[in-house]
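Chemist: okay, predicted coordinates and the sequence, questions at the end:
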There are 2 protein chains.
Amino acid sequence: MAMNGAQSLIRTLADADVDLCFTNPGTSEMHFVAALDDVPQMRAVLGLAEGVVTGAADGYGRVAQRPAATLLHLGPGLGNGLANLHNARRARTPVVNIVGDHATYHKNLDAPLESDIEAVAGSLDGWVHRSVAPAQVGTDTAAAVAAARDAPGRVATLILPADVSWGDGGAPAAPVAPREPRPVPSETVREIAKVLRGGEPVALLVGGAACREPGLRAVSRIARATGATTFTETFPARLERGAGLPGIERLGYLAEQVSYQLDGVRHVVVAGTRAPVSFFAYPGKASELVPEGAQVHTLAEVGDDVVAALVELADEVAADVAPELVPAHRPELPTGELTPQNWAQVIGALLPEGAIVSDEANTSGLLVPSATAGSPRHDVLTLTGGAIGQGMPVATGAALAAPDRPVVNLESDGSALYTIPALWTQAREGLNVTTVLLNNRAYAILRMELQRVGAESSGPKAGGLLDLSTPDLDFVRMAEGFGVPATRARTAEQLAEQFRRALAEPGPHLIEAMVPPLL
Amino acid sequence: MAMNGAQSLIRTLADADVDLCFTNPGTSEMHFVAALDDVPQMRAVLGLAEGVVTGAADGYGRVAQRPAATLLHLGPGLGNGLANLHNARRARTPVVNIVGDHATYHKNLDAPLESDIEAVAGSLDGWVHRSVAPAQVGTDTAAAVAAARDAPGRVATLILPADVSWGDGGAPAAPVAPREPRPVPSETVREIAKVLRGGEPVALLVGGAACREPGLRAVSRIARATGATTFTETFPARLERGAGLPGIERLGYLAEQVSYQLDGVRHVVVAGTRAPVSFFAYPGKASELVPEGAQVHTLAEVGDDVVAALVELADEVAADVAPELVPAHRPELPTGELTPQNWAQVIGALLPEGAIVSDEANTSGLLVPSATAGSPRHDVLTLTGGAIGQGMPVATGAALAAPDRPVVNLESDGSALYTIPALWTQAREGLNVTTVLLNNRAYAILRMELQRVGAESSGPKAGGLLDLSTPDLDFVRMAEGFGVPATRARTAEQLAEQFRRALAEPGPHLIEAMVPPLL
């Protein structure tokens, strides 16, 4: 059957097991949109802004462990989605962007929507390619999917000119095998084993795929057998935790925390991540967080088979040692006005088995990890790249990847407003996402950061820019505006009752929790 | 007095008459934020997302005719603001972006927020510079302001590493004169005069500064004296129109319209813009819209002094001819259920004197130009770059630039959702913006475009992606969520009553007008 470029593209995606496309299309993407109905396997999900589209693809990829596609409208569409693609890049999530562009012969006319798409896509440090003829779209698409899936995962962007999309001569291409994780030489494992047995204090810092059960079990065995202290990276893309799993602490966000966590350590072994650095620089403080005089050893680079290396290492140094697993324990349900402490206890007390937690609670969420440590097993998806506005879209994509699991989005007020139309997609698709929106009426993290950077002034203009209370934001009304049922909680009892009810009912819900700032 | 880089930056901005900064800052910008209180002339306005920040700077610059500054948070912050900077680029609005970055010594550590800011900023085809030492920030800032103001105006981006911001040794710099518009040689004017007198049909197409009163009066004189048909560019950054001004038609958005408008023309004279091209390419249709066989003549390139050239040309060919001015006339107030026709008549009937209209009504707004042609004098700010999500932020910035003028934002549902937190800034700053939100429950323009590109399928998946009715969006609740009073109109009488009341009361209002799709 004759097909155009767009049809060959979508068939190639589906054949490569990419069967979900998040989109906010425009005119230059209309042939792609029309071709969706020709490929029954492909599902298309609309986001009302591109930050929703790209963040949802990130959430989907983290949970499904395979890429979703996005369909974006030229340079401005890619720009709108860039921040959440940045987070996906840092999460090493496989994502396949299709960016529509002007027809090849239209490009030199400098029409209003003309811009340098390659420059913007190139900033993502992934894979970028422009398709130039319908007959090549299939091959280019197969290459894009493989590039996205190359270990450890990345953002691949295929630019699709409109005439290449609508032109005849498209031919689907067979899937291309991505690059598998590189095996770690046994010699490296034995060298690290020596470090662990050397009698000096060792910290083991793991990231990437090591943050899921098989890697964490190996980490726990190593810790028990050798006395090493162990951490996951600060912002794992996906961390498995809760009752029945090893409880490996995350490295802190603040340099001060890390300095406490790594105090006295002489060796830092990194696996699937890199030696820790400060999130930001601060005047007079170190940016590199490895304690002075400590040596860094690499068990597995990013892109190496970190899980296999950790298991081999555990078998070497902890042959007969079992991992230490967290027992089931939940906080008591608290009472009284909501506080930065007790709301987290409510979540810990009620978090359902198998939940996926999209965590963008920021300062309000400081106590969530301890409150949920012994809750039933769950996954946490964190803000990997520091670009806020991730939580709601990632929750949306996660719910599409795992429709049978409850998704809980712990979300802060300031961050929510970057991508709040994600709620509409949740309503439209009937997704089981319960959003707990922590409204502390401030960019609270920046109040802290204003002090931490040593900025001396804190006059009314500076303070005003960190305040979200004039006027107050009403997230209940906003959610209802997007078609999501919403309630407001001012006490722990209300939050518990509303959280229980939201989890019990199908479809999305939002609970606006009026929690004062932590700081 | 000793000052740091940030203090010298803000003082230099203020000395160069840049005294408003739109921002959504982060940690790397905290010293800039702290320094705001040291410079009383500088006003800071918070946007809840960067698309609001950059769009507001565009609206401000179009109305104030001088740049506002933006303060953005690293690459992701710039990315979030990129689409409205693209529109500003196409509007040739002077904008000075300050993009905070990691400290110089932190940059090579690849911390989570690290990305290639230069690549993203470079896509705007403007001016990009990185400040490397506190002592140079003042000079760099003065250069940035001059670059933004260089005729005809552009987006200038200054990257400010955190340690350059907080480091001592800052020194404010004196303003630098920007490049003035280039004079058009009289010989060129005389050549164009010959074309106009040549007896063949001529179309005169003007853009940029020519879309304001002095240019339009010259255009009208030329038309009356020579019989030339005259047009403004399709999407002027700022068009002055209404009773008492010449009524120069805009060139159409659709190639079909343009082909009708330019039918039979043998010469196209362009002034302050370029020969017309189609917004998008369509299969089997021409992208260049100059009729076959017609000659293109350039009176004034973009960046030339187009107004002086037009006045000189008018004095040459129409020495004693006065411009034709539009008489005051308003539509009757209509009655009945809202339609794509009658809502525009309500606006035309009630538009207040001196209004600034931020027009992103898209398909719903097709009849607005004729309905408001004889309304009291007003300015129209159009969607210059085709990246939707401009209307609300531009209205916000325009209201800050002209606090004594009523701002009317004609806004469509799909576009609004890109940057709807702009409403909160309007409420916070008490801006006199009346938003008429045309809710037609669809991406109606894409329904049209899906047909126009010749995409044959219109199956349920394609159709679903252009539908905004499942679930319905409730803009009244959304607006209230952002602190803006809102009402809903289903009839022309309701719209008239609500529009009158909104204009009479200070502060922002939103009217959700339930208008069926035009097509």
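Modeler: Received the coordinates, thanks. Numbers count the residues shown, from 1 in each chain, chains lettered A, B, ... in the order given.
Chemist: next one: the helix or strand hosting A:Phe499 to chain centre, how far?
Modeler: Using DSSP states H and E, A:Phe499 sits in helix A:492-504. Here helix A:492-504 shows a centroid-to-chain-centroid distance of 26 Å under the convention CA atoms, centre = their mean, to the nearest Å.
Chemist: packing partners for it?
Modeler: Using 3 or more CB pairs under 8 Å, 6 or more residues apart in numbering or on different chains; DSSP states H and E, the elements in contact with helix A:492-504 are helix A:342-350, strand A:433-439, strand A:486-489, strand A:509-514. C-betas here are computed from N, CA, C, even on glycine.
Chemist: now tell me what touches the third one from outside.
Modeler: Read that as strand A:486-489. With contact meaning CB atoms under 8 Å, 6 or more residues apart in numbering or on different chains, strand A:486-489 is reached by A:338, A:475-477, A:479-480, A:494-495, A:498, A:502, A:509-514.
Chemist: just checking: what are the partner strands of that strand?
Modeler: Sheet pairing of strand A:486-489 (DSSP bridges) gives strand A:509-514 (parallel).
Chemist: contact partners for the residue lying closest to A:Thr23 once chain neighbours are set aside?
Modeler: Closest residue to A:Thr23 apart from its sequence neighbours, by CB to CB, 6 or more residues apart in numbering or on different chains: A:Leu71 at 3.8 Å. By CB under 8 Å, 6+ apart, A:Leu71 lies in contact with A:Cys21, A:Phe22, A:Thr23, A:Asn24, A:Pro25, A:Glu29, A:Phe32, A:Val33, A:Ala44, A:Val53, A:Ile98, A:Gly100.
Chemist: is it true that the second one lies in a helix?
Modeler: No - inclusion of A:Phe22 in a helix is not indicated when DSSP: H, G, I helix; E, B strand; the rest coil is applied; the result is strand.
Chemist: helices along the stretch 251-400 of chain A, start to end?
Modeler: Taking DSSP state H, counting those that start in this stretch, the helices of the stretch 251-400 of chain A run over residues A:255-261, A:306-317, A:342-350, A:368-371, A:391-401.
Chemist: any residue of the least confident helix or strand in chain A by mean pLDDT touching chain B?
Modeler: None of the helices or strands of chain A scores lower by mean pLDDT, DSSP states H and E than helix A:444-452, at a mean of 85. Yes - when contact is scored as CB under 8 Å from any CB of the partner chain, part of helix A:444-452 falls within range of chain B: A:Ile445, A:Leu446, A:Glu449, A:Leu450, A:Arg452.
Chemist: can I get these in TSV with neighbour count?
Modeler: Shown next, in TSV, are these (neighbours: other CB atoms under 10 Å in any protein chain shown):
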residue	neighbour count
A:Ile445	23
A:Leu446	23
A:Glu449	23
A:Leu450	25
A:Arg452	19
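Chemist: distance to B:Leu251 added to these, as TSV?
Modeler: Shown next, in TSV, are those (distance: CB to CB, whole Å):
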residue	distance to B:Leu251
A:Ile445	48
A:Leu446	46
A:Glu449	49
A:Leu450	50
A:Arg452	54
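Chemist: wait, which of the residues you listed is closest to A:Phe280?
Modeler: Nearest to A:Phe280 among the residues of helix A:444-452 next to chain B, counting by CB to CB, is A:Glu449 at 7.6 Å.
Chemist: got a list of what that closest one touches?
Modeler: Here A:Glu449 is in contact with A:Phe280, B:Gly26, B:Thr27, B:Met30 (CB under 8 Å, 6+ apart).
Chemist: which residues does the closest residue to chain B within the stretch 201-350 of chain A contact?
Modeler: Across the stretch 201-350 of chain A, the shortest distance to chain B (CB to the nearest CB) belongs to A:Ala281, at 3.6 Å. Residues near A:Ala281 by CB under 8 Å, 6+ apart: A:Ser287, B:His102, B:Ala103, B:Tyr105, B:His106, B:Ala162, B:Asp163.
Chemist: redo that, cut-off 10 Å
Modeler: A:255, A:287, A:453, B:27-28, B:102-107, B:109, B:111, B:161-163, B:166 (CB atoms under 10 Å, 6 or more residues apart in numbering or on different chains).
Chemist: strands - which of those residues land there?
Modeler: Among the contacts of A:Ala281, DSSP state E puts B:Pro161 in strands.
Chemist: buried ones among the contacts of A:Ala281?
Modeler: Among the contacts of A:Ala281, those buried by neighbour count (16 or more other CB atoms under 10 Å in any protein chain shown) are A:255, A:287, A:453, B:27-28, B:102-104, B:106, B:109, B:111, B:161-163, B:166.
Chemist: having no further points to raise, I will conclude here.
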